[in-house]
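J.: sequence plus predicted model, see below.
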Amino acid sequence: MTTHEKTYEPAECGHCGGLGCTYCNKTGTVLVTAPKRLCHHCDGVGCIYCGFTGWTGPKGKYD
């Protein structure tokens, strides 16, 4: 059995545009699975499927 570790890369928070908000812990960036892709549900605006970050595969609190 092999384990595949996810790799993450920083991306500008789509909710605040990099200014800092509660969804990015006031840093302006979020870690998302590489390669980063805009959320196909909201086109980068922010929705429940992307955790309001605008990106597909944001790193969760327990990842």
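T.: Great, that's in hand.

J.: how many neighbours does the residue lying closest to residue 37 once chain neighbours are set aside have?
T.: Nearest residue to residue 37, sequence neighbours excluded (Cβ to Cβ, 6 or more residues apart in numbering): residue 56, at 4.6 Å. (C-beta placed from N, C-alpha, C; glycine too.) Counted with other Cβ atoms under 10 Å, the neighbours of residue 56 add up to 18.

J.: numbering from 14 from now on, please.
T.: Happy to do that; since the first residue is 14 now, the last one works out to residue 69.

J.: does residue 69 touch residue 63 like I think?
T.: Yes. Taking Cβ atoms under 8 Å as the definition, residue 69 is a contact partner of residue 63 at 6.4 Å.

J.: can you list residues touching both of those two?
T.: Taking Cβ atoms under 8 Å, 6 or more residues apart in numbering as the contact rule, residue 69 and residue 63 both touch residue 52.

J.: what sits against the residue nearest to residue 50?
T.: If you count contacts by Cβ under 8 Å, 6+ apart, then residue 69 has 45-46, 49-53, 63 around it.
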